[in-house]
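In: Kindly return the folded structure for what I paste below:
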Amino acid sequence: MVNDNGWFTEVYPKHGSAISLKVVEKLHEEQTPFQRIEIYETEWMGTLMVIDGCTMVSDRDNFLYHEMMTHPALYTHANPETVWIIGGGDCGSLKEVLKHPEVKKAVQIEIDERVTRLAEQYFPELCDSNHDPRAELLFIDGIQWVKDAAAGSVDLIIVDSTDPVGPAEGLFNAAFYRECFRCLKPDGLLVQQSESPLFHAELIRDMHHTMRGAGFATTRTLFFPQFIYPSGWWSGTLAGKGTLDRFREEDARQRPFATTYYNPEVHRAAFAAPEFFKPLLPR
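Out: This is a model prediction of the structure:
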């Protein structure tokens, strides 16, 4: 909500905290069949997208999330030729995926087309690759897409979802992970945004156990800063049919594209678990 002094505030009642951003103007607001989307111009964070009252993406810090939800997984896989992005309607993850020349096909499956159309209007720099011939944008239910897909048909699945409520709730359970496992090739990987390690450690713990229960041999969580998300500290959790110890470090070092945050040193450091977090991880 925006108060009379022009501050947008997202409150986290469970954790007795909040984030506030000074708003210059409201650019857009609409209720879609799935959620309420608001677009603001802020004083310092640039353009901001808010969904159901929760900050989603801003000009200033989106590179952190989009780079860390894509490049670590892509450089962990030996040869990621086919990629699905479940969610990711702002198209930032799609843009990062398609920077990799080895990717031959990237399918973005977003349930709410309005997220993408508003991103094209208000975040055009995130949508640069929407017309890449390797890209396919589908506006359908990602859970149903995975259920209907052929077994062993994809190398990497990126679950770029909102919080585990509403349309995204079904993306955080054993049935969904089992379907992802079925669709992945023998050396396939899954990476899913996994909320704040500080606020949602139990959720991440449960994700590890549920992913392994669905058949994945190994799971690892990576950590990165994200100013506009709860606590300012975020994570992604990887699940592999085989090992996750592979890192194509030389490929990452010689990557044929620019990054703002990601590099090989960040890649390695991101997987180092904080001491308080280690007991939550499966052995």
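
In: End to end on stretch 96-112, go ahead and measure it.
Out: Start and end residues of stretch 96-112 are separated by 21 Å (C-alpha to C-alpha, to the nearest Å).

In: Same question for stretch 93-105.
Out: The straight-line separation of the ends of stretch 93-105 (C-alpha to C-alpha) is 14 Å.

In: got a list of contacts for it?
Out: Here stretch 93-105 makes contact (C-beta atoms under 8 Å, 6 or more residues apart in numbering) with 66-67, 69-71, 74, 79-83, 85, 88, 106, 108, 126-130, 132, 134-137, 158, 160, 255-257. In this view, the C-beta of every residue, glycine as well, is placed from N, C-alpha and C.

In: swap in stretch 56-66?
Out: The contact list for stretch 56-66 (C-beta under 8 Å, 6+ apart) reads 42, 44-50, 90, 92-93, 95-96, 119, 123, 126, 162, 193, 224-229, 234, 259-261.

In: and what of stretch 14-33?
Out: By C-beta under 8 Å, 6+ apart, the list of residues contacting stretch 14-33 from outside reads 2, 6-12, 36-45, 47-48, 55, 112, 114-115, 118, 122, 199, 228, 230-231.

In: now the helices for the chain?
Out: Remark: helices assigned in the chain by DSSP state H are 62-68, 71-76, 92-97, 113-122, 142-148, 174-183, 201-213, 249-253, 264-270.

In: in the shortest one, what counts as buried?
Out: Of all the residues in helix 249-253, those buried under the rule 16 or more other C-beta atoms under 10 Å are residue 252.

In: same deal with the last one?
Out: Residues of helix 264-270 classed as buried by neighbour count (16+ other C-beta under 10 Å): 264, 266-267, 270.

In: ditto for the fourth one
Out: The neighbour-count criterion (16+ other C-beta under 10 Å) identifies 113-116, 118-119, 122 as the buried residues of helix 113-122.

In: Tell me which residues are up against it.
Out: Residues external to helix 113-122 that are found in contact with it (C-beta under 8 Å, 6+ apart): 27-28, 30, 32, 37, 39, 47, 49, 51, 57, 89-91, 110, 126-127, 130, 137, 139.

In: Buried ones among these?
Out: 27, 37, 39, 47, 49, 51, 57, 89-91, 110, 126-127, 130, 137.

In: quick one: which of those residues is nearest residue 181?
Out: Using C-beta to C-beta, residue 110 comes nearest to residue 181 of the buried ones among the contacts of helix 113-122, at 22.2 Å.

In: Just give the closest residue to that closest one, not the sequence neighbours.
Out: Nearest residue to residue 110, sequence neighbours excluded (C-beta to C-beta, 6 or more residues apart in numbering): residue 89, at 3.9 Å.

In: can you pull out the strands in the stretch 1-150 of the chain?
Out: Secondary structure of the stretch 1-150 of the chain by DSSP state E, counting those that start in this stretch: the strands cover 7-12, 17-31, 36-42, 47-51, 54-58, 82-87, 105-109, 135-138.

In: which residues of the stretch 151-283 of the chain score low on pLDDT?
Out: Under the criterion pLDDT under 70, the flagged ranges of the stretch 151-283 of the chain are 162-172.
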